[in-house]
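1. need a 3D model of the sequence below.
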Amino acid sequence: MAKSSTGNKNGIRIVVAGDKATGKSSLIVTAVSDTFPTNVPSVLPPSRLPDDMFPDRVPITIIDTSSSIEQRNKVGEEMRRADAVVLTYACDRPETLDRLSAYWLPELRRLEVKVPVIVVGCKLDLRDEQQQVSLEQVMSPIMQQFREIETCIECSASRQIQIPEVFYYAQKAVLHPTAPLFDQETQTLRPQCVRALKRIFILCDHDKDGALSDAELNDFQVKCFNAPLQPSEIIGVKRVVEEKLSEGVNERGLTLRGFLFLHALFIEKGRLETTWTVLRKFGYNNEIRLDDDFLPPSFKRAPDQSVELSTDAVEALKGIFSMYDTDNDGAIRPPDVDDLFSTAPDCPWSEGPYKDAAPTTALGGLTMDGFLSEWALMTLLEPAKSVEYLKYIMYGGDAASAIRLTRRRRIDRKKRQSERNVYQCFVFGPRKAGKSALLDAFLGRPFSESNGANTEERYAVNVVEGSSGSKKFLVLREIPEDKVKSILSSKDSLAACDIAIFVYDSSDELSWKKTAELLVEVAGHAEDIGYEVPSLIVAAKDDLDPYPMAIQDSTRVSQDMGVEAPVPISAKLGDFNNIFRRIVSSAERPHLSIPETEVGRSRKQYHRLIKNSAISVGALGVGVGVVFAGLAVYRAYAARRNSSN
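-> This is a model prediction of the structure:
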């Protein structure tokens, strides 16, 4: 459904539930018709409030529910579909209030209904005057236990007391929810809200002096609320901040702390719509993430196409890196990375597959190459997320211009060259073959004898010089032995692979045999689905004595399959025989080093034979047609003669 300017659906569905005879139907009828009903059915049909009843002008549909036990499942279904739930109790019957915490609120949790809840005390006019207690006294314990309660209100349908307010607060809870912005327990802005407001502050601080001047404050006001601030109003705003927070204002204007304080003040005073209006004007949705309208539209791509950052985006990232490299030592440390993403919902590289996927300095900092490598990996694996986070960190270009779609790999093979800047290499091999050590070395990490067998997929990305001298990003994807079958079970599993390498322990004959089997299995799958990939065999642990017949076995297999002889490496000795440049060089020439199985070779020979036969027939032209026609006539004549005999 399309979204309104309030950031929510074009219609709001409010479900009213509660015990029998608590005033549900009377509440609804009075709100819709503005008159108290003398006779109401047990359950009303869906009712619609006038669109202009509240300032946001968002249509509201109210769903009445039955209180009978037989209808509990249906009530549960309605609550699951609700945008907000109104729970009623009768002010003259305390037991119905107790039922909210005993049954209704736990039931909402059981059903996993995660929408705002408005608790409404109906029949206020019937309450015993001898038992007058404040609403705060009654509801405070319940609200402490059930934080999903947004508002509590008491009303009277017969006396027309606070009936419209019930649905106004319900609508407001949907359009301007408290939970994403404010932690009721700690009475502070939530971290995600702070991050979004910080980004907005930086965007509005045009001269980048760390404060919003009077002119910048006025521009902000006009953008968000379509109305300028009078000089006296600006003075008033700053005075309010200064009285409560001395560092909230300085000689240049309103500081970030002052800006955040103002929004906390709005929320505490119940003016959540002010903060939500600001957030939505800058493209945020109810989850306080940038809305789809502020990101590039989803685009279709073939399985063998990938997404890369554009030249403009890479240049912008280089500038951002330099800005955060405050000591000019060529690296940004972990606190700098956290600061960089302080205007985003979180740091996207704090967990897999990006955590520890790029080379770092001895102090854990990211070099320029490591920084760009992380972005290259994220764009390859999750292009939409990459663009979203570019916008969070103040990338100024158009979102769609930040990425480029590569040419299909199938076309690259026909053209006999690849123009990609990012190559993904699948790393196959049996357990303890040396795959993890290879990835560690790629990231510049020291060799460790204690490295155990890795049981999970892992990525490593770094910059490698291409054949023309240009920088390429190489992504190594380590695939554990026991994950190969599940990966190959997908038809398009190899579509994302630019090159595959097969690593084995050159001192272990069983390791070699398993690797040879993997090579045949992967190559056969590639031939079946049409996503053949260049492949290299890597003989790891070259510092150990090779098993007998190692050279003969590996030479025979590589020759039979039409790939290069195994490349010997030793992670322990730091001798990698230029393996990473070899990988990139093979990926740049995708028509070479493609392994062939016996089945694949037979299939090609068959297709070649058919093709050659077709060419011969074409060359014979009309004459051969006459011969075939004559042959057909002869066969028909012979058949008739044989049948007559």
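2. mind listing what the spatially most central residue of the chain touches?
-> When CA atoms, centre = their mean is applied to the chain, the residue found nearest the centroid is Lys385 (5.1 Å). Residues in contact with Lys385 (CB atoms under 8 Å, 6 or more residues apart in numbering) are 348, 378. Quick note: C-beta positions are derived from backbone N, CA and C, even for glycine.
3. what helix or strand is it on?
-> Per DSSP states H and E: Lys385 is located in helix 383-392.
4. with Val278 instead?
-> Assigned by DSSP H and E, Val278 falls in helix 272-281.
5. lowest average confidence, helix or strand, in the chain?
-> Ranked by mean pLDDT, DSSP states H and E, the helix or strand of the chain with the weakest confidence is helix 622-644, at a mean of 43.
6. how close does the residue nearest to the centre of the chain sit to Lys123?
-> Applying CB to CB, to the nearest Å, the value for Lys385 to Lys123 is 52 Å.
7. sorry, back to before: what helices and strands are in contact with the next helix or strand after the helix holding Lys385?
-> Counting by DSSP H and E, the element after helix 383-392 in chain order, helix or strand, is strand 403-405. In terms of contacts (3 or more CB pairs under 8 Å, 6 or more residues apart in numbering; DSSP states H and E), strand 403-405 is packed against strand 307-309, helix 383-392.
8. would you format those as a markdown table with distance to Val43 and mean pLDDT included?
-> Shown next, in a markdown table, are these (distance: least, CB to CB, whole Å; pLDDT from 0 to 100):
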| stretch | distance to Val43 | mean pLDDT |
| --- | --- | --- |
| strand 307-309 | 52 | 95 |
| helix 383-392 | 44 | 93 |
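9. from those, which stretch is densest packed?
-> strand 307-309 (a mean of 22; mean count of other CB atoms under 10 Å).
10. what's the angle from whatever helix or strand comes next after that one to helix 383-392?
-> Counting by DSSP H and E, the element after strand 307-309 in chain order, helix or strand, is helix 311-324. Orientation of helix 311-324 against helix 383-392 (axes from the mean of the first three to the mean of the last three CA atoms, to 10 degrees) gives an angle of 50 degrees.
11. quick one, strands of the stretch 151-300 of the chain?
-> For the stretch 151-300 of the chain, strands defined by DSSP state E, counting those that start in this stretch occupy the ranges 182-183, 188-189, 211-212, 249-250, 253-255.
12. let me have those strands in a markdown table, extended by distance to Tyr103 and mean neighbour count.
-> Output for the strands of the stretch 151-300 of the chain, formatted as a markdown table (distance: least, CB to CB, whole Å; neighbours: other CB atoms under 10 Å):
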| stretch | distance to Tyr103 | mean neighbour count |
| --- | --- | --- |
| strand 182-183 | 28 | 17 |
| strand 188-189 | 33 | 17 |
| strand 211-212 | 50 | 23 |
| strand 249-250 | 51 | 18 |
| strand 253-255 | 49 | 23 |
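13. which ones are touching Cys498?
-> Rather than Cys, residue 498 is Asp. By CB under 8 Å, 6+ apart, the neighbours of Asp498 are 409, 418, 420, 423-425, 533-534, 587, 590.
14. correction: the previous question concerned Thr597.
-> Contacts for Thr597 (CB under 8 Å, 6+ apart) come out as 520, 523-524, 527, 561.
15. could you rerun that using 6 Å?
-> Applying CB atoms under 6 Å, 6 or more residues apart in numbering, we find Thr597 in contact with 520, 523-524.
16. now it: closest residue in space that isn't a chain neighbour?
-> Gly524 (4.9 Å; CB to CB, 6 or more residues apart in numbering).
17. okay, and that neighbour sits in which element?
-> When elements are assigned from DSSP H and E, Gly524 belongs to helix 509-529.
18. I'd like the next helix or strand past that helix.
-> Next in sequence after helix 509-529, counting helices and strands by DSSP H and E, comes strand 535-540.
19. ok, residues contacting that following strand?
-> Strand 535-540 has contacts (CB under 6 Å, 6+ apart) with 433-434, 500-503, 505-506, 563, 566-569, 595.
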